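Colleague: How does the following fold in three dimensions:
(2 chains)
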Amino acid sequence: MHELSICQSLLDQVERIAQDHRATRVERILLRVGPLSGVEPALLRNAYPLAAAGTIAESADLVIEAAPVRVHCKDCGAETDAAPNRLLCGACGGWQTRLISGDELLLANLELTIMDERHTAS
Amino acid sequence: MCETCGCNITPGNEHLVRGDGKLARTQDGRAAVTVLESLLSENDHQAAHNREHFDHLGTLALNLMSSPGAGKTSLLEATIEALAGRLRIAVIEGDLETENDAQRIRAKGVPAVQIATGSACHLDAHMVHDALHRLDLQGVDLLFIENVGNLVCPASFDLGQHRNVTLLSVPEGDDKPAKYPVMFRAADLVLCTKSDLLPVLPEFQPQRAEHYLRDVASVAPFETVSVRGEGGLGPWLHWLQEQLAAQRARLATGHSIRPAIQPDGARLHESRADPPAPRHHHHHGHAGDHAHHHRVGQHHD
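Modeller: Below is the predicted model of the structure:
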C-alpha cells in the first residue's frame, strides 16, 4: 500500500548517490527485501516505473533479492528458517528467538555509468 | 537507519562493505556502488530528529496503532480522564480525513493536532515533524501519536516515538497477530481492547491471541482492557507510569530508547561500537532549522 512512497524515497537515495559519483545513468538497482519488512516486492516493482519516470534511474533494472526469514534461538542456540508469522525455533520449538534475517528493506547495490575521469581531466 | 552509525551493517552483509573503498567494476565496465542503506533512511533520519526533540523536552512519545475502529480514540479519552491532574498529555491524531478525533480529544481539555493524510495509509516522520511545529510540548509528560487505522503500513515507519502500542479489539478476532505479523512484532505493548464484549463474543479467546503473539517471537506484555466500567484500564495506566518513570531515569543518564523492533533494526546498533568509514556524503534531506546529531549510546532492550 505504501510502496509508491517507498519507491520515491528509494529514488531520492539513488539520485543522490548517482550525483555523488557523477553518474550519467543508473543501470541496475539491487534491493534486499524481507517478508517482515512490510513491503511487497511485486507492488514495489509495479510502482517503480511511475516513480522513476523522468529520473536518472528511469531505465534501470530493479532487482529485488528476497531475504529469507531466519531466527536465532536464545534457548538452544540454533539458527533455523521460520515462517513470517511463526518465528519459533525450528530445532527446539522455543519462541524466545531473535530475528537474524527477514525484515530488511535495503538498497544494497547500484550499478552506474560514470563519465570516464581520464577524459574529463585533460 | 542511517549510514553514519552503521546500523545497516549486519553480520550477513558486513563482507560487502569491507574492502579498499574503491568502486568495483562489473564485467561490462559499469561502476558498482555498495550502498546498504535502508530505503527509509530519510524517514528514519527525521524520526531520530523528532526523538531528540521529545528527549530534550522530557516527553515520552507513544505510537498507537490498530485497525480502524479498535478504540484508539476512546482509549485516549478514557486515559485523559483517568490521568487528569496527574500527568500532562498531548495528542497527535492521524486520519485520512476530518478533524473529528482531534475535536474529541480537545473536548477533554488536552491539546491535539490533527494530521489529515489525504490518501496516505500511514503517518511518517515528516508529517509528525510538521505537526510538532503546531504543538507546544513544554511541560508535557506523555505524547500520544494516534496513527492511521491500518494494521499494515504504519508498522514500517519510525516516527520518533519511544514505544509502540498495538491495539487488538475483541470483535476483530483473536488470530490478528498471525495474520499481521509485521504489525504485532513491532508492538512493545499489545492491548486487547473492548474486553467488556468478551461475554458476548466467546469465540475470542485472549489466551489464543496471546499465543499467536508469542508465535511471532514477541515478548511484549499482552493486557486486556476496557473503557467501560470501573478499573478496566488498570494494566494500561500502570504500564504508562512505569514507562514514563523508566524514560525519565534513562534521560537523567543521557540515554533514550527506541521501540524494541523498528524495521531495519535497533538490534543492529548494539552489536557495533565503531561506525564504519563514511561511504559517501550523507545528505540531510530536511530543512536545517535545528542542529542535531546522532546520539550515541542509545539504549535498546
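
Colleague: From here on, just use CA atoms for contacts and neighbour counts.
Modeller: Noted.

Colleague: didn't B:V225 look like it was pressed against B:T193?
Modeller: Yes: at 5.1 Å, B:V225 and B:T193 qualify as touching, with contact defined as C-alpha atoms under 8 Å.

Colleague: tell me the contacts of A:C92?
Modeller: Contacts of A:C92 were listed using C-alpha atoms under 8 Å, 6 or more residues apart in numbering or on different chains, and they are A:C76.

Colleague: Hmm, A:C73 is touching A:L87, no?
Modeller: No: A:C73 lies out of contact with A:L87 (C-alpha under 8 Å); the separation is 9.7 Å.

Colleague: Can you list the neighbours in contact with the longest helix seen in chain B?
Modeller: Of all the segments assigned as helix in chain B under DSSP state H, the longest by residue count is helix B:234-252. Helix B:234-252 is touched from outside by B:D55, B:G58, B:L60, B:T79, B:D141, B:L142, B:L191, B:E223, B:T224, B:V225, B:S256, B:I257, with contacts defined as C-alpha under 8 Å, 6+ apart.

Colleague: picking that back up, between A:C73 and A:L87, which is the more surrounded one?
Modeller: When A:C73 and A:L87 are compared for neighbours, A:L87 comes out ahead with 28 against 24, by other C-alpha atoms under 10 Å in any protein chain shown.

Colleague: In space, what's closest to B:L76 - neighbours in sequence excluded?
Modeller: Setting aside the residues directly before and after it, B:L76 is nearest to B:I105 in space (C-alpha to C-alpha, 6 or more residues apart in numbering or on different chains), at 7.6 Å.

Colleague: What degree of burial does B:L83 show, as a neighbour count?
Modeller: Using other C-alpha under 10 Å, B:L83 is surrounded by 13 other residues.

Colleague: thinking again about what came up before, among the contacts of helix B:234-252, which one has the most neighbours?
Modeller: For those, neighbours were counted by other C-alpha under 10 Å; the highest total belongs to B:L60, with 26 neighbours.

Colleague: in the longest helix of chain B, what's buried?
Modeller: B:W236, B:Q243, B:L244, B:Q247, B:R248, B:R250 (16 or more other C-alpha atoms under 10 Å in any protein chain shown).

Colleague: May I have that helix exported as CSV, CA atoms only?
Modeller: Extracted C-alpha coordinates of helix B:234-252, given in CSV (Å, rounded to 0.1, in the frame of the first residue of the first chain):
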residue,chain,number,x,y,z
GLY,B,234,-5.6,-0.6,35.3
PRO,B,235,-2.8,-2.5,33.5
TRP,B,236,-2.6,0.2,30.8
LEU,B,237,-2.3,3.1,33.3
HIS,B,238,0.3,1.1,35.3
TRP,B,239,2.3,0.5,32.1
LEU,B,240,2.2,4.2,31.2
GLN,B,241,3.5,5.2,34.7
GLU,B,242,6.2,2.6,34.5
GLN,B,243,7.4,3.6,31.0
LEU,B,244,7.4,7.3,32.0
ALA,B,245,9.5,6.6,35.1
ALA,B,246,11.9,4.4,33.1
GLN,B,247,12.3,7.1,30.4
ARG,B,248,12.9,9.8,32.9
ALA,B,249,15.6,7.6,34.5
ARG,B,250,17.2,7.0,31.1
LEU,B,251,17.1,10.7,30.2
ALA,B,252,18.8,11.5,33.5
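
Colleague: any idea how far that helix is from the chain center?
Modeller: The offset between the C-alpha centroid of helix B:234-252 and the centroid of the whole chain comes to 16 Å, using C-alpha atoms, centre = their mean, to the nearest Å.

Colleague: Also stretch A:98-108?
Modeller: Chain-centre distance of stretch A:98-108: 9 Å, with C-alpha atoms, centre = their mean.

Colleague: Report the mean confidence score over it.
Modeller: Averaging the model's pLDDT scores along stretch A:98-108 yields 94.

Colleague: For the residue nearest the centre of chain A, give me its contacts.
Modeller: Nearest residue to the geometric centre of chain A (C-alpha atoms, centre = their mean): A:L31, 2.6 Å. Residues in contact with A:L31 (C-alpha under 8 Å, 6+ apart) are A:L62, A:V63, A:I64, A:E65, A:L105, A:L106, A:L107, A:A108, A:N109.

Colleague: so which strand or helix has the residue nearest to A:A57 when sequence neighbours are not counted?
Modeller: Computed as C-alpha to C-alpha, 6+ apart, the closest residue to A:A57 that is not its neighbour in sequence is A:V26, at 4.8 Å. Applying DSSP states H and E as the criterion places A:V26 in strand A:23-33.

Colleague: strand partners of that strand, parallel vs antiparallel please.
Modeller: Listed by DSSP bridges, the sheet partners of strand A:23-33 and their directions read strand A:61-66 (parallel), strand A:105-114 (antiparallel).

Colleague: Can you give me the buried ones in the shortest one?
Modeller: I take that to be strand A:61-66. In strand A:61-66, counting by 16+ other C-alpha under 10 Å, buried: A:L62, A:I64.

Colleague: does any part of the helix or strand following that strand sit near chain B?
Modeller: Along the chain past strand A:61-66, the next helix or strand (assigned with DSSP H and E) turns out to be strand A:70-73. No: Strand A:70-73 does not reach chain B (C-alpha under 8 Å from any C-alpha of the partner chain); its nearest approach is 9.4 Å.

Colleague: does any bit of the next helix or strand after strand A:70-73 sit next to chain B?
Modeller: Heading C-terminal from strand A:70-73, the first helix or strand you meet, by DSSP H and E, is strand A:79-81. No: looking at strand A:79-81 against chain B by C-alpha under 8 Å from any C-alpha, there are no contacts, and the closest approach is 13.1 Å.

Colleague: tell me how far strand A:79-81 is from the chain's mean position?
Modeller: Relative to the centre of its chain, strand A:79-81 is centred 21 Å away, using C-alpha atoms, centre = their mean.

Colleague: Which elements pack onto whichever helix or strand comes after it?
Modeller: Toward the C-terminal end, the helix or strand that comes next after strand A:79-81 (DSSP H and E) is strand A:97-101. With contacts defined as 3 or more C-alpha pairs under 8 Å, 6 or more residues apart in numbering or on different chains; DSSP states H and E, the packing partners of strand A:97-101 are strand A:70-73.

Colleague: what's the strand it packs on in contact with?
Modeller: Under the contact criterion C-alpha under 8 Å, 6+ apart, strand A:70-73 has outside partners A:78-82, A:87-89, A:94-102.

Colleague: Thanks again, I'm all set now.
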